[in-house]
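Chemist: Predicted coordinates and the sequence they were generated for:
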Amino acid sequence: MTDNCRFAVFGVLAGAFALAGCGADAGGESASQTKEALTVSCDIGLSYSGGTWKEKAFANVNSACPSTTTFGFGDPSDIPIMFDNNEIATYGTTASGDRLGRFFIDRDRSRGWNTGDTFTRFMPSPLTTDQPFVMKLVPKHLVGSTCQGPSGLQIAVSVVGVKRGSTWYIDGNNNGTWDGTSQCDITGSFGTASDIPTPIGGMIGSSGGISGSSLVWNFDADGSLNWSGAPPDYSLTAFGTDTMRPFSDASSQTMGAQNGADVYLDKNGDLVWSGTPTDIGVSGYLTSSSWRFVGWWTNTIVQ
């Protein structure tokens, strides 16, 4: 037995389970070469219709990207939301089953309701017209306050909230319920009553207004949780048209617009439509206009 083979056998006995350098030739050449690991990034969208979710890659350019999957989570009347780190959630809009005003969050990312998932009612007296959202709570939201936020809030934390009219109620202490500003929850006034809440990262934002044929997006860039004028806040018309439904995704921290079955996403996060492939635009991505696009995430697969 050669020295190389003695070393390899010792490695197996030690638990290494690798026979390197034990080729049949006297030179100790390996009989096979190690295959380098390859990574594939798959951009995957999630949509919702009547209690059913659909998860589908935007462009299945590699066989490693997953095929379309469907699963049930939520009630047909619920509003779907992306929470954080690929967590899905829904918000109850009906009193039936005591769902009104509750956030149902898939904490274990199992794509199904399990023990450990949460279902807290945020506002003590919810209204059917309340609009739910998820945003990043950041330190600048607490400037001048005696509150330190969740665990001292050194980094951004995803929290829930609702927009009621033009007033925003934000779960500043991150316990899932509205306790009032004396208990470190936060409120602000931004947008109009008819606007759709579209926060991105640590900026609250709203959209739904129209300028000519363009969607109007407004963002609270200075973190005051109120409209301070532009600048310092943003008022933008460079993404989407008057026929599109605006949305934002707390998980990917991007905005987007849906036009029937077509989906457009600001993938690079510059708040304007940059065209594909910089941004994502897929005609006919959804099965039909009855499906509501919710958000997207990137799945990195090692082959």
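Modeler: That came through, no problem.
Chemist: Show me where the stretch 51-200 of the chain dips below the pLDDT cut-off.
Modeler: 60-63, 143-144, 149, 151-155 (pLDDT under 70).
Chemist: let's see it at 80
Modeler: Of all residues in the stretch 51-200 of the chain, those with pLDDT under 80 make up the ranges 59-64, 66-67, 85, 138-156.
Chemist: all helices for it, in order.
Modeler: Counting by DSSP state H, counting those that start in this stretch, the stretch 51-200 of the chain yields no residue ranges for helices.
Chemist: Check this structure and tell me which residue is nearest its centre.
Modeler: residue 251 (2.0 Å; CA atoms, centre = their mean).
Chemist: ok, the nearest residue to that residue once chain neighbours are set aside to residue 168 distance?
Modeler: For residue 251, ignoring the flanking residues on the chain, the nearest one in space by CB to CB, 6 or more residues apart in numbering is residue 82 at 4.2 Å. (Glycine included, C-beta is placed from N, CA and C.) Counting by CB to CB, to the nearest Å, the separation of residue 82 from residue 168 is 18 Å.
Chemist: next one: residue 183
Modeler: 17 Å.
Chemist: who's more crowded, those two?
Modeler: It is residue 168, of residue 183 and residue 168, that has more neighbours when counted by other CB atoms under 10 Å, with 25 against 12.
Chemist: contacting residues for the nearest residue to that one once chain neighbours are set aside?
Modeler: Nearest in space to residue 168, with sequence neighbours left out and distances taken as CB to CB, 6+ apart, is residue 188 at 4.8 Å. Contact analysis of residue 188 by CB atoms under 8 Å, 6 or more residues apart in numbering lists 167, 168, 170, 204, 220, 224, 225, 226.
Chemist: which of those residues has the most neighbours?
Modeler: Counting by other CB under 10 Å, top hit in these: residue 204 with 30 neighbours.
Chemist: Nearest residue to it in space, ignoring adjacent ones along the chain?
Modeler: residue 220 (4.7 Å).
Chemist: Check residue 78 too.
Modeler: Among residues not flanking residue 78 along the chain, residue 90 sits closest, at 3.7 Å (CB to CB, 6+ apart).
Chemist: Pretty sure the one you found sits against residue 79.
Modeler: Yes - using CB atoms under 8 Å, residue 90 makes contact with residue 79 at a distance of 6.5 Å.
Chemist: Among these two, which residue is more densely surrounded?
Modeler: residue 90 (25 against 19).
Chemist: May I have the beta-bridge partners of the more buried one?
Modeler: Beta-bridge pairing for residue 90 (DSSP bridges): residue 80, residue 104.
Chemist: Distance of it relative to residue 192?
Modeler: Taking CB to CB as the measure, residue 90 falls 25 Å from residue 192.
Chemist: same deal with residue 176?
Modeler: For residue 176, the distance to residue 192 - CB to CB - is 27 Å.
Chemist: ok, now residue 241?
Modeler: 19 Å.
Chemist: Neighbour count for the two, which is higher?
Modeler: residue 241 (15 against 11).
Chemist: How about that one: what's its closest non-neighbour residue?
Modeler: Sequence neighbours aside, residue 213 is the residue nearest to residue 241 in space, at 5.4 Å (criterion: CB to CB, 6+ apart).
Chemist: what about that neighbour, neighbour count?
Modeler: 10.
Chemist: does it really touch residue 242, like I thought?
Modeler: Yes - counting by CB under 8 Å, residue 213 touches residue 242, with 5.0 Å between them.
Chemist: and the end-to-end length of stretch 183-201?
Modeler: Criterion CA to CA, to the nearest Å; first-to-last residue distance in stretch 183-201 is 23 Å.
Chemist: Give the buried residues for it.
Modeler: By neighbour count on 16 or more other CB atoms under 10 Å, the buried set for stretch 183-201 is 184-188, 190-191, 195-201.
Chemist: Tell me how far it lies from the chain's centre.
Modeler: In terms of CA atoms, centre = their mean, to the nearest Å, the centre of stretch 183-201 is found 18 Å from the chain centre.
Chemist: So what pairs up with residue 203 in the strands?
Modeler: Listed by DSSP bridges, the beta-bridge partners for residue 203 are residue 200.
Chemist: Please apply the same query to the one 4 residues further on.
Modeler: Here residue 207 sits in beta bridges with residue 196, residue 217, as judged by DSSP bridges.
Chemist: My guess is it contacts residue 200. True?
Modeler: No - using CB under 8 Å, residue 207 makes no contact with residue 200, being 10.6 Å away.
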